[in-house]
Every structure is written in structure tokens, then in C-alpha cells.
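*Asks:* Sequence unavailable; structure follows:
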């Protein structure tokens, strides 16, 4: 009996590794990040990109979408806090960004405030019904436009209008499931206070998401370094080490964090 | 044979992707610069990515121009001008880093240059390991140089680490011997 159980265990392990190795990847286009993720984000995953302000969350998300659009995957950015025109202008400083992607609707920017107006959701607090209406609208857009990559920046601003942790849980679960079924890989940008202990503002987002990419600030002798770390990513083996990040005109570059004398600031 | 031509000969002996610890003193420093930045880089049609941590990049350009060296193929990663509140406008030609302690950013700026200017091979010059050691302890500096030299190998770039003989310690020489493929003493006074 013991022999068969051991044999079964070995086969299950082999099956698990084959499944992980063969799962289709959504390349972020950020070379080192794809290498950290063993080829990219498993397609259909919902990933929380979390960190405090100025850590590069929006830039990373926009590069993910732009690189995807350049690879022929239609991408959509749902902005809650910034107007699309300003985001596009900021992106123009990057050499890989092509405004034609926006003109040809390969890269689509959506202002969530306009959706709120359209759906009659201009209120400070959402009911469960409002949450369902919002989720349905996002899913409808993704389906109709054939979106393969989606960014919601930020999920924290939406969760702010939800009245309970159950609502937040319901919202992210519903959205994540539907998007995954459509093969859409999603980044949910999450704002984190520098003093926060977990990986998300409400503590629910991190548990539901398939992956967590933590972005932070690290102080070394008065200098502030931008850092990135993949905390979890379902469906792939990945490095959990911390890397230093630089936002260059050719895109995000990563280097391994040197281990000597740094203090976490977030 | 002049100091410059000796250094060029030494570099020419090395295959691409090699790293060299170059020991100079104040008398041979300028000959070394001319040998690397002008003669060797021109002969092999290489870009020069110059990490300055001793003298601000603008001053090095001035010095090279006095020496009659063409600086059009030289790009600077300047780690010292910010500290002296002397940094100019950022461009690919002059990339500024806030301080020599931001060692990862040095790697990232060089990687940026290597990726962007990839039509030719490059020689990366670190000037100097001694001034880097003023701002960083030897442990983190060793870690940095080890990772940096290894990553430059994948780009098939030459790496020259300049070390001022007057300021060398035994630990530093041991570190350079461990990290670099070869070492060359350009002559001159030791401490």
C-alpha cells in the first residue's frame, strides 16, 4: 500500500510540473520580469500589482499593455484616477510607445468615471447590485473588444466605494473568474500605504488574486531604490527574490538587489 | 614602448568579454585613459561606457579633449556630480546617478546603454574602484563587481577596472584578482 502511495505521489508531482511547464504564458515584454516568472504570467491570471506611490506600478502596467499590443494582443487600460490623455502623454516619453496603437484601437484607454456616469453609478457607496452591474459592464467590454490584456488602475479606488469585505471579495472573484474564462490576463493595481503590513489595502485582494507583484522603495544610506518582488504567482514556478528597478526610455530594466545594508521603506 | 601602447597590447591580448584590473598611478592615469578610450576603442570600433566616480564626467570630457581624444563614442554614467550638486541635464551621453552607493543603478544604466547602443560592442570602464570603495564597504563592492562583470560577459563587453596604486589595500587587490580575468600594472609608484 505504502509503495503505491509513494508511486502515486511521484506521478502527481510529475503531472504538476508538466502542467506548470506547459501552461500558456502571457509575456509581459519586460525581459527580466518574464525571466523571473519563468516565461511570463500564466495566461488568464489576475495579478495584484501593489505598492506605495512612486514605485512604478502604473508604468509597469502600461508597459505590459503596450508590449502586448505590439505583439498583437488587444489591450485595455481602465483608469480610475487619471485622465487617459495625460497617461498617453506620459507614455510618449517611452521609446517603445507608439501612439498609432491608440489610434488603431489596439491599446484602449477607458475612463471609469465615464462608465460610472453611463451606468448611473455616480455614488459614494455601491450596493451588491451596483457591483454586479459594474462587473458585467467590464466583462462586456472585454468580450466585445476581444481584450487579451487588462489593467484596472486602481482597484483600491473601486474598492473604496464597496461597503464590506464581502463585497470586495465578490467583486474581485466574479471579475477574475470571468476574465480568466475569456483568456484575459489582468493586472489590478493596488495602492498601499507605506506603513501597511499586508499586500493590499483591504486585505481581501491579496488572498483572491492569482499573483502578487510587490513594488516598493528601499533605503540605502539615504538613497531610495525602486524594488520589485514576485510574492506569488499561481501556475508557474518563479523567483521570489527582490530586484531593483529602473524606469528607462526603453522600458523597465531590473537588476538583482545587492544584499548588503538596506532598510525597507516601502 | 609607451605606457599607452603597453596597455593597448595587453587589452588586445584579451578575448572579448574579458575583464581587466588596471593598476595606474597619477603619472600613468592619463596614458591609460588615452589607451582605453582613444586607441583601443577606435581600433576595435567599440563604444566606451565610462563610469565616473572620481572626477565628474564633464571634467573628464574636458581632459579627454585636451588630450585630443574624440569623445563622440564615449557615454558617461556619472555617480559623483549629483553629490557635488553639479549634475547637468540627463541625456544618453551623460547619465547621472544620485550617489556611488546606488550600485544597482550603475548596473542598470550600463544595461540601458548596452541595450540601446547594441550596433557595436562596448568597453566598460570603471574609474575608479578606489573612489567606489570610499562610499561602499568592500563586501557590497565585491558583490556588485562580481555580478556586474558576470553580466557584462553575456554582452561580450570588455571591462576595465581602474585602480589607483597609491590608494590600494591588500583586500582590494585580492578582490580584483578574484573578480577580474587578468590584471595589468601600468607602472608607477605604489603607496
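*Replies:* On my side now, so go ahead. Values in this document were obtained by computation on a predicted structure and should not be read as measured data. Numbering: from 1, shown residues only, chains lettered A, B, ... in the order given.

*Asks:* going forward, measure contacts and count neighbours with C-alpha atoms only.
*Replies:* Fine.

*Asks:* What's the local residue count around residue B:8?
*Replies:* 19 (other Cα atoms under 10 Å in any protein chain shown).

*Asks:* got the phi/psi numbers for it?
*Replies:* phi -60, psi -40 (degrees, to the nearest 10).

*Asks:* Then the one 10 residues further on?
*Replies:* Main-chain dihedrals, residue B:18, degrees, to the nearest 10: phi -90, psi 160.

*Asks:* what about it, how many residues close to it?
*Replies:* Residue B:18, neighbours per other Cα under 10 Å, totals 20.

*Asks:* Mind telling me which residue of chain B is nearest chain A?
*Replies:* For chain B and chain A, the shortest gap (Cα to the nearest Cα) falls at residue B:140, measuring 5.5 Å.

*Asks:* now that residue, nearest residue through space, not along the chain?
*Replies:* Of all residues not flanking residue B:140 in the chain, residue A:260 sits nearest, at 5.5 Å (Cα to Cα, 6 or more residues apart in numbering or on different chains).

*Asks:* How confident was the prediction at that neighbour?
*Replies:* Residue A:260 is assigned a predicted lDDT (pLDDT) of 73.

*Asks:* what's the answer for residue A:69, then?
*Replies:* Predicted confidence (pLDDT) for residue A:69: 97.

*Asks:* from what I can see it touches residue A:104, true?
*Replies:* No - if you go by Cα atoms under 8 Å, residue A:69 and residue A:104 don't touch, sitting 10.3 Å apart.

*Asks:* Who has more neighbours out of the two?
*Replies:* A direct count of neighbours by other Cα under 10 Å for residue A:69 and residue A:104 places residue A:69 higher, at 24 against 9.

*Asks:* Helix or strand: which one has the more buried one?
*Replies:* helix A:57-70 (DSSP states H and E).

*Asks:* helices or strands next to the helix or strand following that helix in the packing?
*Replies:* Later in the chain than helix A:57-70, the nearest helix or strand by DSSP H and E is strand A:75-79. Under the contact criterion of 3 or more Cα pairs under 8 Å, 6 or more residues apart in numbering or on different chains; DSSP states H and E, strand A:75-79 touches helix A:57-70, strand A:107-111, strand A:149-153.

*Asks:* counting contacts, what elements does the following helix or strand past strand A:75-79 pack onto?
*Replies:* Using DSSP H and E, the helix or strand that follows strand A:75-79 in sequence is helix A:84-91. On a contact count with 3+ Cα pairs under 8 Å, 6+ apart, helix A:84-91 meets strand A:107-111.

*Asks:* Neighbouring strands - and their directions - for the strand it packs on?
*Replies:* Strand pairing for strand A:107-111, determined by DSSP bridges: strand A:75-79 (parallel).

*Asks:* and the angle from the partner strand to strand A:149-153?
*Replies:* 10 degrees (axes from the mean of the first three to the mean of the last three Cα atoms, to 10 degrees).

*Asks:* This completes my enquiry, with thanks.
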